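Peer 1: dropping a prediction and its sequence here:
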Amino acid sequence: MQGKFYTAPLPPQLSDSNRRIIETNTPTTRAYQIWKGSNRFFFGGRFIFGPDARSLLLTVSMIVIPEILFCAFVSQRLIDEFGHHFGNLIVGLSVALTVYIMLLLFLTSARDPGIIPRNPHPPEPEEDTGSCISTDWAGNQNGAPNIPPTKDVTVNGMVVKVKYCQTCMLYRPPRCSHCSICNNCVDRFDHHCPWVGQCIGKRNYRFFFMFVSSTTMLCLYVFAFCWVNIEKTMEAHHCSLGKAFLKSPVSGILILYTFIAAWFVGGLTAFHFYLVFTNQTTYENFRYRYDGKMNPYNLGCWRNIRETFFSKIPSSKNNFRALVRGDSSSVYNPSISMGHAMSPDMPKRSFDIEMGKRQAVAAEDFEDIHSQIDSIGRSERCGTQPRHANWDHKGNWEITPDIHMLAAEFGMQHGSTVREKIHGVR
């Protein structure tokens with residue numbers, strides 16, 4: 001019997017007793033409950049937000065509160081001045097636009113932005129790759145010394161380098177980047193927006209652009225009609241501009257507020273118009289500066305617009321509500337094997353229960369092993385048995401995969417006892 005008994009790798013198969021206990025007692029959970037990213041899920045994994053989802057409360061209040069003030073203090077004078085029907089139409093349009101903006105905000109922040117699923121293990125290295133391995137790559141934490149840090153792919157006839165993500169253990173698709181806030185690789189990553197509390201990627205960029213541009217329209221709309229209200233106040237009371245502001249202070253506050261907000265969201269809208277026309281992302285614009293070189297994704301202005309606003313939104317690559325077993329959670333959270341949990345929502349109970357059950361089974365199996373070793377030793381000392389035990393009539397002592405597995409798992413606990421008995425047999 002060789003000395004590598006305790007260092008043999010774990011076989012892929014379990015014993016029948018271990019398998020029965022694990023399969024019958026391991027609880028089933030949803031994929032979002034063991035999700036390794038920093039996202040926050042609501043309503044059973046139906047809605048996915050970023051870790052800074054609380055900022056949505058500030059964003060909503062900054063939109064809804066001014067609209068409430070407009071409807072409560074400005075709308076009545078507009079209805080009186082423009083007539084019942086036209087005045088109500090002015091107010092109704094502002095309310096409808098606000099509801100539309102809230103819907104766009106929800107569609108932007110509560111959906112999968114285009115998360116690329118993680119790999120449970122590094123990919124196999126390609127033999128024909130021409131990429132060079134960096135000097136510090138051989139010691140990376142994933143144990144994949146032969147994986148080049150970059151790889152060349154062709155996009156629209158141009159060679160583009162894609163990077164290997166050590167966190168997600170995959171080569172990122174073109175235009176994909178890893179968000180350090182959400183801890184996910186996001187397809188066509190634009191940026192992480194703190195105002196919506198979510199990454200902006202391939203699946204929600206359209207809604208984000210519509211949200212920003214619609215907010216700009218609402219700011220200009222309220223700004224314009226607040227000025228109209230001030231002018232009507234000046235005409236009705238034959239007063240100066242300052243006295244008109246004193247008679248309608250809410251109009252003055254809203255004029256100042258919407259003026260500042262319109263510069264912010266209006267500038268953002270103009271910038272994203274430029275990005276859409278040139279088929280760039282915010283990340284690419286700040287990092288690669290395509291102004292001085294060819295952009296491989298630029299298809300022309302009209303084709304870029306069609307791709308952004310009229311192409312089909314791809315389905316999510318993740319099923320956050322899928323049922324997974326606790327013993328398969330390494331697919332979503334391989335950090336267990338590295339000895340630390342990278343997500344605060346990672347349930348470790350299933351892993352502990354599994355190990356406890358397997359220890360109970362292993363203890364019984366080790367008792368059987370000990371008794372058989374004792375019987376072999378006694379038989380050899382009495383001269384009634386050849387030196388090699390013939391358990392399966394093959395002329396040698398064959399160690400089954402179950403024994404390999406149990407020995408590897410519990411060699412530290414039972415190693416000294418078994419080792420002494422084995423040396424006695426030898």
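Peer 2: Alright, I've got the coordinates.
Peer 1: any low-confidence regions in this structure?
Peer 2: 1-27, 125-145, 291-292, 326-426 (pLDDT under 70).
Peer 1: dihedrals phi and psi, the closest residue to Met294 other than its chain neighbours?
Peer 2: The shortest distance from Met294 to any non-neighbouring residue, by CB to CB, 6 or more residues apart in numbering, is to Met158 (6.7 Å). Backbone N, C-alpha and C define where each C-beta goes, glycine included. Dihedral angles of Met158 (phi, psi; degrees, to the nearest 10) stand at phi -120, psi 140.
Peer 1: doesn't Lys293 make contact with Met158?
Peer 2: No: at 10.0 Å, Met158 does not count as touching Lys293 under the criterion of CB atoms under 8 Å.
Peer 1: show me what whatever helix or strand Leu275 lives in is packed up against.
Peer 2: Using DSSP states H and E, Leu275 sits in helix 249-278. Judged by 3 or more CB pairs under 8 Å, 6 or more residues apart in numbering; DSSP states H and E, helix 249-278 is in contact with helix 55-69, helix 205-237, helix 301-309.
Peer 1: that one: which residues count as buried?
Peer 2: 250-252, 254-255, 257-258, 261-262, 265-266, 268-269, 272, 275-276, 278 (16 or more other CB atoms under 10 Å).
Peer 1: about what we covered before: to Ile115, which of the helices and strands packed on helix 249-278 lies closest?
Peer 2: Smallest distance to Ile115 across the helices and strands packed on helix 249-278 (CB to CB): 13.8 Å, for helix 205-237.
Peer 1: that closest one: what's the following helix or strand?
Peer 2: Next along from helix 205-237, by DSSP H and E: helix 241-247.
Peer 1: return the set of buried residues in that following helix.
Peer 2: Ala244, Phe245, Lys247.
Peer 1: ok, stretch 295-308 next?
Peer 2: Neighbour-count burial for stretch 295-308 flags Asn295, Pro296, Tyr297, Asn304, Thr308 (criterion: 16+ other CB under 10 Å).
Peer 1: okay, that stretch in PDB with CA atoms only?
Peer 2: Taking C-alpha atoms only, stretch 295-308 is exported to PDB below (Å, rounded to 0.1, in the frame of the first residue of the first chain):
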ATOM      1  CA  ASN A 295     -13.900  53.000 -33.600                       C
ATOM      2  CA  PRO A 296     -14.700  49.400 -34.500                       C
ATOM      3  CA  TYR A 297     -18.300  49.700 -33.400                       C
ATOM      4  CA  ASN A 298     -19.200  52.800 -35.300                       C
ATOM      5  CA  LEU A 299     -21.700  51.800 -38.000                       C
ATOM      6  CA  GLY A 300     -22.700  55.200 -39.100                       C
ATOM      7  CA  CYS A 301     -25.100  57.700 -37.400                       C
ATOM      8  CA  TRP A 302     -28.400  56.200 -38.500                       C
ATOM      9  CA  ARG A 303     -27.400  52.600 -38.000                       C
ATOM     10  CA  ASN A 304     -26.000  53.500 -34.600                       C
ATOM     11  CA  ILE A 305     -29.400  55.100 -33.600                       C
ATOM     12  CA  ARG A 306     -31.200  52.000 -34.900                       C
ATOM     13  CA  GLU A 307     -29.000  49.700 -32.900                       C
ATOM     14  CA  THR A 308     -29.500  51.700 -29.700                       C
END
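Peer 1: which residues are contacting that stretch?
Peer 2: Here stretch 295-308 makes contact (CB atoms under 8 Å, 6 or more residues apart in numbering) with 155-158, 160, 175, 205-206, 209, 276-280, 290.
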